[in-house]
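A.B. asks: Build the 3D model from these lines:
(2 chains)
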Protein chains: 2
Amino acid sequence: MTQGLLGNNVVVHIGILVHDIDKVSQAYADFFGIEKPEASWTGPLEEAETNYNGEPTPARAKLAFMKMGSIQIELIEPDEHPSTWRSHLEEHGEGPHHIALVIEGMKEKITLLESKGFPLQQKGEYPGGRYAYMDTFKELKIVVELLENDKK
Amino acid sequence: MTQGLLGNNVVVHIGILVHDIDKVSQAYADFFGIEKPEASWTGPLEEAETNYNGEPTPARAKLAFMKMGSIQIELIEPDEHPSTWRSHLEEHGEGPHHIALVIEGMKEKITLLESKGFPLQQKGEYPGGRYAYMDTFKELKIVVELLENDKK
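C.D. replies: Next up is the predicted model:
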């Protein structure tokens, strides 16, 4: 098995930034003949503890997930507050933002990646787990999102 | 099973445009603990029959594939000739360009997609099959690549 910095190399989803999640979800549903996914907001600051570039941020985003074979496509419509989503959208326009992989030991993985020159961009909590966007764009030409799910 | 315009919704790879495929391949190998993939050129015009925006083009690209779980990541370093790769790279910079799905009946699928408002951007042949990039960016916020592999 591969090891590398994350302990695995299994991509579980691709995240795509959009301006109008309702419209783009409908376009995917029509194009691929799948059910239109329901979008839901990420938690408010007090729940999600969203932290961007080392500072708490009230930023939230509407997310919609679609199963596309063995991976998912995640559509992301960010609000106007500072976040990796908003910043990437303004710099690059709509389009793909990240690939996500599931890891164990979030704190240790962030420390390891930072020591290798991949800074933490943004992190937050979601029901049942937490995420971290690491700034891998310069080297890998895409942002890597780490996902850690709590043991049940 | 889902139908939609393609007959399935199984993403088989993500294509990422880069300026220096050797450097980025090495970065993936180091980051994910995988073997550095060997890059190879797409065929010359007389083999690949590359057609971009309705015209034959001598454009070629260096490609490298890496297995990342059940999908692949494809790195693409295009040459200077006109292509969807070169044009996207100049407009959006390095980063993700397309998701690819395997279909049957390339000619019919291209006709169907064009009738639904998704123009053909570029097509070509590779050993054992053929590809077509369809302009789905406006609606899906990513380009869709169709792949048809010859029956063995």
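A.B. asks: Only C-alpha atoms from now on, for both contacts and neighbour counts.
C.D. replies: Noted.
A.B. asks: Which of the three states applies to the spatially closest residue to residue A:69 that is not a sequence neighbour?
C.D. replies: With CA to CA, 6 or more residues apart in numbering or on different chains as the measure, residue B:10 is the residue that lies nearest to residue A:69, at 3.8 Å, once sequence neighbours are left out. Three-state call for residue B:10 (DSSP: H, G, I helix; E, B strand; the rest coil): coil.
A.B. asks: Surely residue B:10 and residue A:72 touch.
C.D. replies: No. Between residue B:10 and residue A:72 there is no contact under CA atoms under 8 Å: 9.7 Å.
A.B. asks: The closest residue to residue A:49 other than its chain neighbours in helix, strand or coil?
C.D. replies: Once flanking residues are discounted, residue A:49 sits nearest to residue A:124: 5.4 Å by CA to CA, 6+ apart. Put simply, residue A:124 is strand when judged by three-state DSSP.
A.B. asks: for residue A:124, what are its contacts?
C.D. replies: Residues counted as contacts of residue A:124 (CA atoms under 8 Å, 6 or more residues apart in numbering or on different chains) are A:48, A:49, A:50, A:51, A:130, A:131, A:132.
A.B. asks: Okay, and the beta partners of it?
C.D. replies: According to DSSP bridges, residue A:131 are recorded as the beta-bridge partners of residue A:124.
A.B. asks: What residues of the longest helix that chain A contains count as buried?
C.D. replies: Selection of the longest helix in chain A by residue count, based on DSSP state H, yields helix A:21-32. For helix A:21-32, the neighbour count (16 or more other CA atoms under 10 Å in any protein chain shown) marks A:21, A:22, A:24, A:25, A:26, A:27, A:28, A:29, A:31, A:32 as buried.
A.B. asks: State the distance from the nearest residue to the last one once chain neighbours are set aside to residue A:36.
C.D. replies: In this structure, residue A:32 finds its nearest non-sequential neighbour in residue B:4, 4.2 Å apart by CA to CA, 6+ apart. Counting by CA to CA, to the nearest Å, the separation of residue B:4 from residue A:36 is 12 Å.
A.B. asks: Tell me where chain A is predicted with low confidence.
C.D. replies: A:1-2 (pLDDT under 70).
A.B. asks: Can you identify each of the strands in it by residue range?
C.D. replies: Taking DSSP state E as the criterion, chain A carries its strands at A:13-17, A:40-41, A:51-52, A:55-56, A:61-68, A:71-78, A:95-102, A:120-126, A:129-134, A:143-149.
A.B. asks: tell me what the first one is packed against?
C.D. replies: Put plainly, it is strand A:13-17. In terms of contacts (3 or more CA pairs under 8 Å, 6 or more residues apart in numbering or on different chains; DSSP states H and E), strand A:13-17 is packed against strand A:71-78, strand A:95-102.
A.B. asks: got it, and the second one?
C.D. replies: The criterion is 3+ CA pairs under 8 Å, 6+ apart, and the helices and strands that strand A:40-41 contacts are strand A:61-68.
A.B. asks: In JSON lines, list the strands of chain A along with distance to residue B:149.
C.D. replies: Putting the strands of chain A into JSON lines (distance: least, CA to CA, whole Å) gives the following:
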{"stretch": "strand A:13-17", "distance to residue B:149": "25"}
{"stretch": "strand A:40-41", "distance to residue B:149": "38"}
{"stretch": "strand A:51-52", "distance to residue B:149": "44"}
{"stretch": "strand A:55-56", "distance to residue B:149": "49"}
{"stretch": "strand A:61-68", "distance to residue B:149": "20"}
{"stretch": "strand A:71-78", "distance to residue B:149": "22"}
{"stretch": "strand A:95-102", "distance to residue B:149": "26"}
{"stretch": "strand A:120-126", "distance to residue B:149": "40"}
{"stretch": "strand A:129-134", "distance to residue B:149": "36"}
{"stretch": "strand A:143-149", "distance to residue B:149": "31"}
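A.B. asks: Of all the ones you listed, which one is nearest residue B:91?
C.D. replies: Comparing the strands of chain A against residue B:91 with CA to CA, the closest turns out to be strand A:95-102 (12.5 Å).
A.B. asks: neighbouring strands for that closest one, and are they parallel or not?
C.D. replies: strand A:13-17 (antiparallel), strand A:143-149 (parallel).
A.B. asks: Which of the residues in it are classified as buried?
C.D. replies: Neighbour counts using 16+ other CA under 10 Å place A:95, A:96, A:97, A:98, A:99, A:100, A:101, A:102 of strand A:95-102 among the buried residues.
A.B. asks: Apart from its chain neighbours, what residue comes closest to the fourth one?
C.D. replies: Of all residues not flanking residue A:98 in the chain, residue A:143 sits nearest, at 4.5 Å (CA to CA, 6+ apart).
A.B. asks: now residue A:109
C.D. replies: With sequence-adjacent residues excluded and distances taken as CA to CA, 6+ apart, residue A:109 is closest to residue A:6, at 6.9 Å.
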